[in-house]
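Enquirer: Here is a sequence with its predicted model. Questions after.
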Amino acid sequence: MSVDVKNVAEHIFDKKFLESPKQYLIQSLLAVVALAIILYFVEVLTHAAIVAALGASVFIVFAMPNTIAADKRRIIGGHVTGVVCGLICYYAFFTGPLAELCKNIEFIRWVAVALSVGLSILLMVALNFEHPPAAGTALGIATHEWSWQTVVFIVVFAVCLAVIKWLLRRYLKDLYT
């Protein structure tokens, strides 16, 4: 029984990738460089949920640059909306009179965090800022104590990512079929 390597490759890999693997490699490396530069200059690593959200934004910009979610308005507006919703839920539930209730009843804590995501979805869609990773930003802000450095980091990151995408717009292609 012989194995047709080309046939196997076509079943494993995206057809578009097999046609132009160089473009995929270049854009993936550009994503690494852009993320490394932004993280270097901002010099603040925050909560895992926020870092994951920002990493997902990098994926969208470099793997799917022509999608609606990769639009600069949505990158910046989405993450700002996520920050605002996370802050609203953090202050509403984890400070003031509800703070003691959230400490004692774990379910209320999880409802508060989930509400930050639901609120961010509602506002992103209503304001035309649809950027799915930004819901993770809301989650990250609402989940843990945060600092103003974290908020500035997220906004600067989103702006830098949007600028990088704009600067590279002629070179970036959608890497999906």
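Expert: Everything's here; your move.
Enquirer: which intervals of this structure have sub-threshold pLDDT?
Expert: 1-3, 5-6, 8-9, 38-47, 177 (pLDDT under 70).
Enquirer: please redo it, this time with the cut-off set to 90
Expert: 1-25, 27-53, 91-113, 139-140, 142-150, 153, 176-177 (pLDDT under 90).
Enquirer: Can you report how many residues lie near Ile76?
Expert: By the criterion of other CB atoms under 10 Å, Ile76 has 21 neighbours. Just so you know, the C-beta spots here come from the backbone N, C-alpha and C atoms, and that holds for glycine as well.
Enquirer: Tell me which helix or strand the residue lying closest to it once chain neighbours are set aside sits in.
Expert: Using CB to CB, 6 or more residues apart in numbering and skipping the chain neighbours, the partner closest in space to Ile76 is Ala158 (4.7 Å). Using DSSP states H and E, Ala158 sits in helix 148-167.
Enquirer: That helix - contacts with which helices or strands?
Expert: Applying 3 or more CB pairs under 8 Å, 6 or more residues apart in numbering; DSSP states H and E, one finds that helix 148-167 makes contact with helix 21-42, helix 48-63, helix 72-94, helix 133-143.
Enquirer: who's in contact with stretch 154-169?
Expert: 30, 34, 38, 41-42, 46, 50, 54, 57-58, 61, 65, 70, 72, 75-76, 78-80, 82-83, 137, 172 (CB atoms under 8 Å, 6 or more residues apart in numbering).
Enquirer: which helices and strands does the helix or strand containing Leu123 pack with?
Expert: Here Leu123 sits within helix 106-127, counting by DSSP H and E. On a contact count with 3+ CB pairs under 8 Å, 6+ apart, helix 106-127 meets helix 72-94, helix 98-104, helix 133-143.
Enquirer: For the shortest one, which residues meet the burial criterion?
Expert: Residues Cys102 are the ones in helix 98-104 that count as buried (16 or more other CB atoms under 10 Å).
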